[in-house]
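Undergrad: Okay, here's the prediction I keep looking at, along with the sequence it came from:
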Amino acid sequence: MENQRQNVSETEDLLAVFQRNTRSKTSTDGGEYSEPIPVDLVAEIFVRLPLKSIARSRCLSKYWASILRLPYFTELFLTRSCARPRLLFSFLKDGWMPRKTHHVSVVCNPSTGQTLTVNSRRRLGVRSYFGYDPIDKQHKVLAMTWKVNRNYWMVSEEHQVLTLGTSEPSWRMIECCIPHTPLYSEYYNICINGVLYYQAVNKSSGDCIIVCFDVKSEKFSFVKDKDAFTTSYGCAALINYKGKLGSLLFRKSFTYYGSIKLRVLEDAEKHEWSEHIFVLPTSWKNIFQDTWLHVVKVTQTNEIVLARSSSDVLYYNTETNTIRKVAIHGMEEAFKDGIVYAFGDHVEDVKLL
């Protein structure tokens, strides 16, 4: 509550300063004139405001709205936001989950509340992924259709790409050299430094692979994974480990999680992985026993962030072999349904879709 009051106070102070500096001034001959404020100074003022104030300012003035849509401002805001990444939680309203086989891809910016429906050529049997090219600063949607065999989705066929932010976005067909079946989960894919990674099965050989899609060049490559990431305990989560692709897998010992296996992709061309095993103390079995866990991220200080089916987040330090719990307040009702998704390194972005 104190933080909210402080944010409101800071917002009012900044807007008051801005309004005072945009008032008309009296010239030496008695007339009035407007003294314009440099655009970069206006941007510096707005970048210090919270998102709600920026959204409100867009509606108050066409001039302000034009500044807030400038690439210079959106990049300035994003740079400032990247310095303070956050955890993003999402959950299903009233515990409702659609079960129909129709597929519609929706891109959402949680910062602005905007949503954009991107319809592919087909509504059935479509798998979509979201990637970002940091060089050209473009977001793209990768979609693929699935071949049906006896009511089962067997293998990806057509591959399409859609670039967001263009005047007339349209799907483009691209080629993929290896038929594969992607695994279905929001935790089995990640985009790191312009490369989208997702787990799949090579339908020709049956091997487990990591698909690597270069968002800029729109080219596919593949990394072999000698250790099958599908086990009796589930699939490994893909993570960003110090700028490299990593996978984390929990291993059970009787009824509780006994260890964590971390694998890091060191050389994609040579398919080389490094491996680390972290053994959890048996005294922690009450913490990890009979609970749903998923990996959110790995911090710069080598802490593995874990979310579970309760209103707290766990931080496991791999160097000190210690754990700490951080309580999440205000989401108790959402956690009761047990369907809560957590995402790490979320940064606010005011760019409109």
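TA: Sure thing, it's come through. Numbering: from 1, shown residues only.

Undergrad: hmm, which helix or strand of this protein has the shakiest average pLDDT?
TA: Ranked by mean pLDDT, DSSP states H and E, the weakest helix or strand in the chain is helix 2-21, scoring a mean of 48.

Undergrad: ok, the residue lying closest to Pro182 once chain neighbours are set aside - contacts?
TA: If you skip the residues right next to it in sequence, Pro182 has Ala200 as its closest partner in space, 4.6 Å away by C-beta to C-beta, 6 or more residues apart in numbering. Where C-beta positions appear, they are placed from N, C-alpha and C, glycine not excepted. Contacts of Ala200 were listed using C-beta atoms under 8 Å, 6 or more residues apart in numbering, and they are 180-183, 208-211.

Undergrad: Could you do Thr74 as well?
TA: With contact taken as C-beta under 8 Å, 6+ apart, Thr74 is in contact with 349-351.

Undergrad: which among these gets closest to Val161?
TA: The closest of those to Val161 turns out to be Lys351 (C-beta to C-beta; 19.7 Å).

Undergrad: isn't Arg263 right next to Ala236, touching?
TA: Yes. With contact defined as C-beta atoms under 8 Å, Arg263 and Ala236 form a contacting pair (7.4 Å).

Undergrad: Going by residue numbers, what spans are strands in the stretch 1-150 of the chain?
TA: Secondary structure of the stretch 1-150 of the chain by DSSP state E, counting those that start in this stretch: the strands cover 25-26, 32-33, 86-91, 105-109, 114-118, 126-133, 138-149.

Undergrad: export those to JSON lines and tack on mean pLDDT?
TA: Output for those, formatted as JSON lines (pLDDT from 0 to 100):
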{"stretch": "strand 25-26", "mean pLDDT": "50"}
{"stretch": "strand 32-33", "mean pLDDT": "54"}
{"stretch": "strand 86-91", "mean pLDDT": "80"}
{"stretch": "strand 105-109", "mean pLDDT": "80"}
{"stretch": "strand 114-118", "mean pLDDT": "80"}
{"stretch": "strand 126-133", "mean pLDDT": "88"}
{"stretch": "strand 138-149", "mean pLDDT": "81"}
